[in-house]
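Engineer: Fold the stuff below for me.
(2 chains)
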There are 2 protein chains.
Amino acid sequence: MDGAPPPPSPAGLSAYVAVSQLLGLALLATTGAWLGRYRGGVAWHSPLQFNAHPLCMVLAMVFLQGDGIIAVFESHRTKGIPDMYSLHSWCGMATFVLYLLQWFLGCGFFLFPGASFSLRGSYKPQHIFFGITLFILSITSCLLGITEMLLFKISDSYSHFVPEGILANTLGVLLVAFGLVVGYVLTREEWKRPPLAEELALSMDFKTLTEGESPGGGSQ
Amino acid sequence: MDGAPPPPSPAGLSAYVAVSQLLGLALLATTGAWLGRYRGGVAWHSPLQFNAHPLCMVLAMVFLQGDGIIAVFESHRTKGIPDMYSLHSWCGMATFVLYLLQWFLGCGFFLFPGASFSLRGSYKPQHIFFGITLFILSITSCLLGITEMLLFKISDSYSHFVPEGILANTLGVLLVAFGLVVGYVLTREEWKRPPLAEELALSMDFKTLTEGESPGGGSQ
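Structural biologist: Coordinates of the predicted model:
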């Protein structure tokens, strides 16, 4: 409260963020190499539609995960494969549904003016925890998907250390390394952005006006 | 610095710890049910030796992980299956090796008197981060192992929602839930144990005597 917090040391943080971005690019490139070189590439209205699923799911760490989910269901329907029977599908769907929930709760608590500041303050650590948890669950779902695909496609040769198996395993290791570096950056106390002066002033003013009270509607 | 921190609220913490222990017992029981009911049980010098691997690996969250690693290599040798080709084996071995590293670094920094207090202070957050990371990696390796085992054993019937598949998927979901609750308990600021009075006094005294200096030997 007495004085603004000191500015964070940007040197170490920048290096870690750079490594995380390089790892992110490397895993996108490895995914592309695997699908392009061994699995015939990616196309939407074709037998290659399934391949849009891993590609979109990895891209989704940067962009969206919706397209990847649609691709797998359409591909299953075309080929007569049942949906949602595997552990990968259960974990992937749980991640997707919990992401939606996180998004709706985030909107409800932080975007709409109905939530009191004390309520926002008590929800914020949960939102941060579940954000990191969902990121980890996304990576775990990718690892399960890699294992599934290898055992569906190359179960006879996987144990002979064929190049496709090693490439896909390497993708898995890159995913873990990516998660590790991003997780490290996210959880360092000294790298947390201190609140800006105008944010502090604004929240203080509103806090005084509405302490423990919702300025908006009822319980709904 | 001014006054001891307030005692943490034990009510909420106790409930979460209780839930984590119940989940832990539930996942041990589910592992036992799967191996006992569908996979013929567990025995060491027999074709069932492989089954000691998942059982020991899940038990290892409470006890040790060494036996589980030995079981899979001996089982592979007996059956002529190559080692270390799958993503599950890579993740599992990485977890095991990193656990050993964490253990040695932990001993080096905290048990032996050679490390300075400033060095200990700067290593402690890394030790905590990697402890949680290894716990998550353990669970991820279990999920990959479940998927592998199902696709090796029941690849023909898995997509028909057979009971074994659903039971094993449920075990995977329990592992995720267990990790979630334990991860939540571990990362709550307000549930961190404050330093005891004697620990504070002791470290202060030593800190004054050895500030930034190692009381012990050289760089080795």
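
Engineer: use CA for all of it now, contacts and neighbours both
Structural biologist: OK.

Engineer: Chain A against chain B: which residues are in contact?
Structural biologist: With CA under 8 Å from any CA of the partner chain as the criterion, chain A meets chain B at residues A:81-83, A:85-88, A:90-91, A:129, A:133, A:140, A:143-144, A:147-148, A:151-152, A:158-161, A:165-166, A:169, A:172-173, A:180, A:184.

Engineer: residue ranges with poor pLDDT in chain A?
Structural biologist: Along chain A, the parts satisfying pLDDT under 70 run over A:1-11, A:53, A:57-58, A:60-68, A:70-71, A:196-220.

Engineer: quick check: longest helix of it.
Structural biologist: Longest helix in chain A, counting residues (DSSP state H): helix A:117-153.

Engineer: what angle sits between that one and helix B:117-153?
Structural biologist: Angle of helix A:117-153 versus helix B:117-153, following axes from the mean of the first three to the mean of the last three CA atoms, to 10 degrees, is 50 degrees.

Engineer: Mind giving me the packing neighbours of helix A:117-153?
Structural biologist: Secondary-structure packing of helix A:117-153 (3 or more CA pairs under 8 Å, 6 or more residues apart in numbering or on different chains; DSSP states H and E): helix A:52-59, helix A:87-106, helix A:163-187, helix B:87-106, helix B:117-153.

Engineer: now do 7 Å
Structural biologist: Judged by 3 or more CA pairs under 7 Å, 6 or more residues apart in numbering or on different chains; DSSP states H and E, helix A:117-153 is in contact with helix A:87-106, helix A:163-187, helix B:117-153.

Engineer: For residue A:193, find the nearest of these.
Structural biologist: helix A:163-187 (10.4 Å; CA to CA).

Engineer: so how far is the closest one off the chain centroid?
Structural biologist: 13 Å (CA atoms, centre = their mean, to the nearest Å).

Engineer: and that helix, which residues are buried?
Structural biologist: Buried residues in helix A:163-187, defined by neighbour count with 16 or more other CA atoms under 10 Å in any protein chain shown: A:164-185, A:187.

Engineer: picking up where we left off before, will you turn the helices and strands packed on helix A:117-153 into a markdown table that also has distance to residue B:77?
Structural biologist: Output for these, formatted as a markdown table (distance: least, CA to CA, whole Å):
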| stretch | distance to residue B:77 |
| --- | --- |
| helix A:87-106 | 28 |
| helix A:163-187 | 21 |
| helix B:117-153 | 17 |
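
Engineer: Nearest to residue B:54, out of these?
Structural biologist: Residue B:54 lies closest to helix B:117-153 among those, at 7.5 Å (CA to CA).

Engineer: In the closest one, which residues are buried?
Structural biologist: Buried, per 16+ other CA under 10 Å, within helix B:117-153: B:117, B:127, B:129-148, B:150-151.

Engineer: List the residues that contact residue A:48.
Structural biologist: If you count contacts by CA atoms under 7 Å, 6 or more residues apart in numbering or on different chains, residue A:48 has them with A:41-42.

Engineer: Residue A:153 versus that one, what's the distance?
Structural biologist: As defined by CA to CA, to the nearest Å, residue A:48 lies at a distance of 14 Å from residue A:153.

Engineer: The spatially most central residue of chain A and chain B: what is the separation?
Structural biologist: The geometric centre of chain A, computed from its C-alpha atoms, lies nearest to residue A:135 (CA atoms, centre = their mean), at 3.7 Å. Look at residue A:135 and chain B: by CA to the nearest CA, to the nearest Å, they are 12 Å apart.

Engineer: Tell me how far residue A:40 lies from residue B:145.
Structural biologist: According to CA to CA, residue A:40 and residue B:145 sit 28 Å apart.

Engineer: Please apply the same query to residue A:19.
Structural biologist: Taken as CA to CA, the span from residue A:19 to residue B:145 is 29 Å.

Engineer: again, but for residue A:163
Structural biologist: When residue A:163 is compared with residue B:145 (using CA to CA), they lie 21 Å apart.

Engineer: now residue A:24
Structural biologist: Between residue A:24 and residue B:145 the computed distance is 25 Å (CA to CA).

Engineer: Over to residue A:131?
Structural biologist: Distance of residue A:131 to residue B:145, computed by CA to CA: 26 Å.

Engineer: ok, now residue A:181?
Structural biologist: Going from residue A:181 to residue B:145 by CA to CA gives 24 Å.

Engineer: Same question for residue A:188.
Structural biologist: Distance from residue A:188 to residue B:145, counting by CA to CA: 31 Å.

Engineer: Can you pull the phi and psi angles for residue A:156?
Structural biologist: Phi and psi for residue A:156, reported as degrees, to the nearest 10, are phi -80, psi -30.

Engineer: what about it, how many neighbours?
Structural biologist: 10 (other CA atoms under 10 Å in any protein chain shown).

Engineer: And for residue A:99?
Structural biologist: Neighbour number of residue A:99 under other CA under 10 Å is 18.

Engineer: And the closest residue to it other than its chain neighbours, how far from residue A:54?
Structural biologist: Take residue A:99 and drop its neighbours on the chain: the residue closest to it by CA to CA, 6 or more residues apart in numbering or on different chains is residue A:134, 6.8 Å away. Taking CA to CA as the measure, residue A:134 falls 17 Å from residue A:54.

Engineer: now swap in residue A:26 and tell me
Structural biologist: Distance, residue A:26 to residue A:54, by CA to CA: 15 Å.

Engineer: Show me which of the two is the more surrounded one.
Structural biologist: Counted by other CA under 10 Å, residue A:26 and residue A:54 do not tie: residue A:54 has more neighbours, with 22 against 16.

Engineer: Could you find the closest non-adjacent residue to residue A:154?
Structural biologist: Residue A:154 sits nearest to residue A:165 (CA to CA, 6+ apart), 7.9 Å away.

Engineer: and residue A:73, what is it in contact with?
Structural biologist: residue A:83.

Engineer: State the helix or strand in which it lies.
Structural biologist: Per DSSP states H and E: residue A:73 is located in helix A:66-79.

Engineer: how much space between the residue nearest to residue A:180 when sequence neighbours are not counted and residue B:186?
Structural biologist: Counting by CA to CA, 6+ apart, residue A:180 lies nearest to residue B:133, which is 7.4 Å off, once chain neighbours are set aside. Residue B:133 is 12 Å from residue B:186, where distance means CA to CA.

Engineer: Residue A:141 now?
Structural biologist: The value you get for residue A:141 to residue B:186, if CA to CA is used, is 23 Å.

Engineer: before we move on, what about residue A:127?
Structural biologist: With CA to CA as the criterion, residue A:127 and residue B:186 are 16 Å apart.

Engineer: now the end-to-end length of stretch A:109-126.
Structural biologist: Using CA to CA, first and last residues of stretch A:109-126 are 11 Å apart.
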